[in-house]
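J.: have a look; sequence and predicted model below, questions after that.
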Amino acid sequence: MSGINSIDLGRLTDDIKAWGRALGFQQVGISDIDLHQHEAPLQQWLDNGYHGEMNFMAAHGMKRARPDELLPGTVRVISVRMDYLPPDASFARNLKNDQHAYISRYALGRDYHKVLRKRLKQLGQKIESALADTQYRPFVDSAPVLEHAIAEKAGLGWTGKHSLTINREAGSWFFLGELFINLPLPVDEPVEEGCGSCTACLTMCPTGAIVAPYQVDARKCISYLTIEYDGIIPESLRPLMGNRIYGCDDCQLVCPWNRYASVTTEEDFMPRKQLHGQSLLTLFSWTESQFLANTEGSPIRRIGFEKWQRNLAVAMGNAGFSQALVDALEQALPTSSALVRPHIEWALLRHQPDARGGSRHTARLARIVEKGLPRDA
């Protein structure tokens, strides 16, 4: 390509990393596009059916592990990290109070897809201004990209046994994004794996979704059940979901490396008061128009109002007895949809005397979290 011989790629790489940090990324790494070692494990994961009803995971075949098939001309991937843990995460407080809704930490602020994609596009424009023949495309969890494998190869961290990326200085409370690019930039080296013999994430997973180190069966995962899954949640899994209505952080909450997690200063990732620490009753009382208004610009909006009600009904069934909860469920039942109704009926049955016991898992997790998380989390 013209112009490539007239520029110092090492110097450009240094500039790219500096530009990335100026745009709010805490770390920028560069990898090549050879991900062939991930193809067989990916195919086995798909063959096992661990992707559940996420048909998009299988739709693109091995393109996920072949960046140059997704964007022809790609020779490098710029991988970025952006921290999202706020100063006051209130994890233990919300998990311990079964009358409150637990929403995964990453979803309480602005939709990260929009935030990271905008910054990655700006980074691409910066590179293009330095070298006119640059071709690039940003990706943020919205295309067939093996983001954790790329982040590992780019030196951002290692893949933990829960399948997320872990960084020694930052734990795992961060988003990843990628910029596919046609420049043969110098690549970074992977870091040493740091999980060792620890199995905290496997043993603490509420539903046993981490079926083996580095293998997650999405069909059991609370994040999948509350976000990706469109159907009726299996009754055997409902009691294990507790008050988690959107996503699940348990495997990260118990990870020892998150004691070193950095707190973000990114305003977009600060918790929205209408979502954070709210009671199940308050959220269940929302109309569809209120749901849309209160989740505008949030990743939560994409699950839709029906799944929102479904998830809340399960959490209400897991909550301690409250006449107000029972009244709200009974009032909603006659007009509930075919998706929501079975979960409301189940929740009402759960509030009958002696229908169930307490959640030892949530109590144990809360104790671990209070001892392990940094600052006011």
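T.: Received it, and whenever you're ready, just let me know what you need. Residues are numbered from 1 along each chain as shown.

J.: could you use CA atoms for every contact and neighbour count after this?
T.: Will do.

J.: nearest the geometric middle of this structure, what residue?
T.: For the chain, the residue nearest the mean C-alpha position is Tyr106 (6.4 Å; Cα atoms, centre = their mean).

J.: ok, that residue touching Tyr84?
T.: Yes: taking Cα atoms under 8 Å as the definition, Tyr106 is a contact partner of Tyr84 at 6.7 Å.

J.: sorry, back to before: now do the contacts for the residue nearest to the centre of the chain.
T.: 84-85, 112, 269 (Cα atoms under 8 Å, 6 or more residues apart in numbering).

J.: go on, Thr226?
T.: Contact partners of Thr226, counting by Cα under 8 Å, 6+ apart, are 245-247, 307, 311.

J.: so what's the residue count around the residue lying closest to Asp250 once chain neighbours are set aside?
T.: The shortest distance from Asp250 to any non-neighbouring residue, by Cα to Cα, 6 or more residues apart in numbering, is to Cys205 (6.3 Å). Cys205 has 24 neighbours, counted by other Cα atoms under 10 Å.

J.: can you check the pLDDT for Cys205?
T.: According to the prediction, Cys205 has pLDDT 97.

J.: look up how far Arg341 lies from it.
T.: Look at Cys205 and Arg341: by Cα to Cα, to the nearest Å, they are 27 Å apart.

J.: next one: Tyr50
T.: When Tyr50 is compared with Arg341 (using Cα to Cα), they lie 27 Å apart.

J.: same deal with Phe321?
T.: 20 Å.

J.: who's more crowded, those two?
T.: For the pair Phe321 and Arg341, the greater number of neighbours falls to Arg341 (20 against 16), based on other Cα under 10 Å.

J.: so how many other residues sit close to the spatially closest residue to that one that is not a sequence neighbour?
T.: Spatial nearest neighbour of Arg341, chain neighbours left out: Leu333 (6.2 Å); criterion: Cα to Cα, 6+ apart. Using other Cα under 10 Å, Leu333 has 16 other residues around it.

J.: test my guess that Leu333 contacts His343.
T.: No: in this structure Leu333 lies outside contact range of His343 using Cα under 8 Å: 9.7 Å.

J.: so, low pLDDT: which residues of the stretch 51-200 of the chain?
T.: Judged by pLDDT under 70, the stretch 51-200 of the chain has its weakly predicted residues at 89-92.

J.: all strands for it, in order.
T.: Secondary structure of the stretch 51-200 of the chain, counting by DSSP state E, counting those that start in this stretch: strands at 76-83, 102-103, 136-139, 158-159, 165-166, 174-181.

J.: mind giving me TSV with those strands and columns for distance to Glu39 and mean neighbour count?
T.: Putting these into TSV (distance: least, Cα to Cα, whole Å; neighbours: other Cα atoms under 10 Å) gives the following:
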stretch	distance to Glu39	mean neighbour count
strand 76-83	18	26
strand 102-103	33	26
strand 136-139	20	20
strand 158-159	16	22
strand 165-166	18	26
strand 174-181	19	24
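
J.: re earlier: so what sits against both of Tyr106 and Tyr84?
T.: Listed contacts common to Tyr106 and Tyr84 are Phe269; contacts here mean Cα under 8 Å, 6+ apart.

J.: return the set of residues that bridge with Val28.
T.: When bridges are taken as DSSP bridges, the partners of Val28 come out as Val80.

J.: surely it is in contact with Leu156?
T.: Yes: here Val28 lies in contact with Leu156, judged by Cα under 8 Å, at a distance of 7.4 Å.

J.: touching both of those two, which residues are there?
T.: Between them, Val28 and Leu156 share the neighbouring residues 79-81, with contact defined by Cα under 8 Å, 6+ apart.

J.: contacts only, for Phe56.
T.: Residues in contact with Phe56, defined by Cα under 8 Å, 6+ apart, are absent; none qualify.

J.: gap between it and Arg64?
T.: Phe56 sits 11 Å away from Arg64, taking Cα to Cα as the criterion.

J.: against which helices or strands is the helix ranked longest in the chain packed?
T.: Determined from DSSP state H, the single longest helix within the chain is helix 112-130. With contacts defined as 3 or more Cα pairs under 8 Å, 6 or more residues apart in numbering; DSSP states H and E, helix 112-130 has these neighbours: helix 9-22, strand 136-139, strand 174-181.

J.: pull the CA atoms of it into PDB?
T.: C-alpha atoms of helix 112-130 as PDB (Å, rounded to 0.1, in the frame of the first residue of the first chain):
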ATOM      1  CA  TYR A 112     -21.200   0.300  26.500                       C
ATOM      2  CA  HIS A 113     -21.600  -0.600  22.900                       C
ATOM      3  CA  LYS A 114     -22.200   3.000  22.000                       C
ATOM      4  CA  VAL A 115     -19.500   4.400  24.200                       C
ATOM      5  CA  LEU A 116     -16.700   2.100  23.000                       C
ATOM      6  CA  ARG A 117     -17.700   2.100  19.400                       C
ATOM      7  CA  LYS A 118     -17.600   5.900  19.200                       C
ATOM      8  CA  ARG A 119     -14.200   6.100  20.800                       C
ATOM      9  CA  LEU A 120     -12.800   3.300  18.600                       C
ATOM     10  CA  LYS A 121     -14.100   5.100  15.500                       C
ATOM     11  CA  GLN A 122     -12.300   8.200  16.700                       C
ATOM     12  CA  LEU A 123      -9.100   6.200  17.200                       C
ATOM     13  CA  GLY A 124      -9.400   4.900  13.700                       C
ATOM     14  CA  GLN A 125      -9.800   8.400  12.400                       C
ATOM     15  CA  LYS A 126      -6.700   9.500  14.200                       C
ATOM     16  CA  ILE A 127      -4.700   6.600  12.600                       C
ATOM     17  CA  GLU A 128      -6.200   7.500   9.200                       C
ATOM     18  CA  SER A 129      -5.000  11.100   9.600                       C
ATOM     19  CA  ALA A 130      -1.500   9.800  10.100                       C
END
